[in-house]
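Student: coords please:
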Amino acid sequence: MKAKPQFYQSPHFQSFWTTGNGRDLLDWSGAKPDIAQFDRYSHLYHEVDALGDAAVQETYLKLPYHEASAIVEKYSASPVSKDDEAPENLKKLFLQMQQVPEWFNADLANAGARFCMRTGTNGLIILRDFTLMGGYDFAFLNKPLVFTGALKRGAVKRLKDTLEFWVNVTREDAMQINSEAYRLIVRTRLLHSYARLKIRQKSEDWDYENWGTPINMWDMVATYTGFSLVFMQGLRKLGIIISDEEQKGVFHLWKYIGYLLGIPEKYMPDNKKEAVEQFYLWTATQGAGDKDSAYLAKALLDENLESTILRYHFQRKNLRYLHICCNWYLLDENINERLQIPKVPLPAVFPSLIKSANAVTQKIFPLQKPESYRKLVDIGHKQQMKVLDDYLTHTPKDFHY
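Tutor: Sure, this is the predicted structure:
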């Protein structure tokens, strides 16, 4: 079974790629996508992480949660050898993850990590209000959240988990085997497999023809392209200057993260041109935002009111307003309308202030001067760690599959 480019002629697809943010991606990257290349990737819509699935089947689907979790944590925290007594399929998974591919360049990945850090709160705004919110408009991509019940459990913990993952994997030298970032990637990989297996086991209503296999490889590539290509696109909208080395570094970093998550590396893009061309083809499989998309969008906005990071209700309400302003500034108008993002007065003022502040900052700290650049990296890192610490303090700490 292969995917079909069923939405290639649809209004939402054409609008995105001719007048919306897709048009901006084409202009920025110089990409010339060809729908005739669709079958180069269509098989990925029904391919999955077989190693991860096999590991979950002999741990979380076989043993009590606390036992399975203890085993996974044990072998995540120290090197695994062929002679270890770990469950066989879990051992195979760790042996694959411990094998650093020849193409991996730590210096290039660190260039990507430094860029992610120097974006500071700008990066967190883009992740939330552009990458994550914009992703909700791809209706089929979000169906696993519906079928696993994650839709009903609220956005606070889901946002904390995403933030914890992103911050940890985007630090310099974070990808060392058995590091905290590595262990988070293990958990995320097994979470994907657990969710997929549960959906396949219990959900007779899953639409394989239209939605693909749950959490399939093409959806995974698109998701992590969101952390590279779309992330940088959003930052450009806020006036962040991105060097060629930083661009290459961000793609290289996420290619390696994708490899650790079980995605075949040959399908992870190396540059913006490759990323746009493949993203274009994938979007032809996705229906426009639906009622589940609007529910997810509302939950993300209401997270501002539910989180206890800010003490007073008026502070939380103001923060929600600021995020809505960013949604309207960053996302296409028709996407905001499909997601039912509320209209607010003066939506462009706050994003424009951010853009102006970034212009001033990049003049005070010239990016071409190593000492200025390092200063921006250190400042941005501290900003991001402060936000992460706030979320870790005010949201549940358990990580259940």
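Student: so who does G212 touch?
Tutor: Contacts of G212 were listed using Cβ atoms under 8 Å, 6 or more residues apart in numbering, and they are 3, 45-46, 140, 218-219, 285. All C-beta spots, glycine's among them, are computed from the backbone N, C-alpha and C.
Student: go with 7 Å
Tutor: 3, 45-46, 218-219 (Cβ atoms under 7 Å, 6 or more residues apart in numbering).
Student: swap in A222?
Tutor: Under the criterion of Cβ under 7 Å, 6+ apart, the contact partners of A222 comprise 141, 279, 282.
Student: I'd like those residues as TSV, with neighbour count and pLDDT appended.
Tutor: Output for those, formatted as TSV (neighbours: other Cβ atoms under 10 Å; pLDDT from 0 to 100):
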residue	neighbour count	pLDDT
L141	25	97
F279	23	98
W282	22	98
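Student: Switch those over to TSV, and while doing so, append secondary structure to every line.
Tutor: Supplementary listing: the contacts of A222 in TSV, determined by DSSP: H, G, I helix; E, B strand; the rest coil:
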residue	secondary structure
L141	helix
F279	helix
W282	helix
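Student: Make CSV from those and add distance to D292 to it.
Tutor: Output for these, formatted as CSV (distance: Cβ to Cβ, whole Å):
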residue, distance to D292
L141, 11
F279, 22
W282, 19
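Student: Low-confidence stretches in this protein?
Tutor: For the chain, residues meeting the criterion pLDDT under 70 lie at 150-154, 396-401.
Student: for it, what's the longest helix?
Tutor: Using DSSP state H, we find that the single longest helix of the chain is helix 370-394.
Student: which other helices and strands contact that helix?
Tutor: Helix 370-394 makes packing contacts with helix 106-118, helix 120-126, helix 155-169 when contacts are defined by 3 or more Cβ pairs under 7 Å, 6 or more residues apart in numbering; DSSP states H and E.
Student: could you check the angle helix 106-118 makes with that helix?
Tutor: Put simply, helix 370-394 runs at 70 degrees to helix 106-118, going by axes from the mean of the first three to the mean of the last three Cα atoms, to 10 degrees.
Student: got the buried residues for helix 370-394?
Tutor: With burial defined by 16 or more other Cβ atoms under 10 Å, the residues of helix 370-394 counted as buried are 373, 376-377, 380-381, 383-384, 387-388, 390-391.
Student: Which one of these is nearest to V146?
Tutor: Distances from the buried residues of helix 370-394 to V146 were compared by Cβ to Cβ; the smallest belongs to Y391, at 24.2 Å.
Student: who's in contact with the closest one?
Tutor: Neighbours of Y391 in contact, by Cβ under 7 Å, 6+ apart: 160, 163.
Student: so what's R200 closest to, chain neighbours aside?
Tutor: By the measure of Cβ to Cβ, 6 or more residues apart in numbering, the closest residue to R200 outside its immediate chain neighbours is P214, 6.6 Å from it.
Student: I figured that neighbour was touching R196, is that so?
Tutor: Yes - here P214 lies in contact with R196, judged by Cβ atoms under 7 Å, at a distance of 4.5 Å.
Student: For I240, which three-state class applies?
Tutor: Of the three states, I240 takes coil according to three-state DSSP.
Student: for K62, same thing?
Tutor: State at K62, reduced to three classes by three-state DSSP: coil.
Student: Please, which helix or strand holds the nearest residue in space to it that is not next to it in sequence?
Tutor: Nearest residue to K62, sequence neighbours excluded (Cβ to Cβ, 6+ apart): A68, at 7.5 Å. Element membership for A68 (DSSP states H and E) is helix 65-76.
Student: What is the end-to-end distance of stretch 278-290?
Tutor: Across its full length, stretch 278-290 reaches 24 Å end to end, with Cα to Cα, to the nearest Å as the criterion.
Student: chain center to that stretch, what's the gap?
Tutor: Taking the mean C-alpha point of stretch 278-290 and that of its whole chain, the gap between them comes to 16 Å (Cα atoms, centre = their mean, to the nearest Å).
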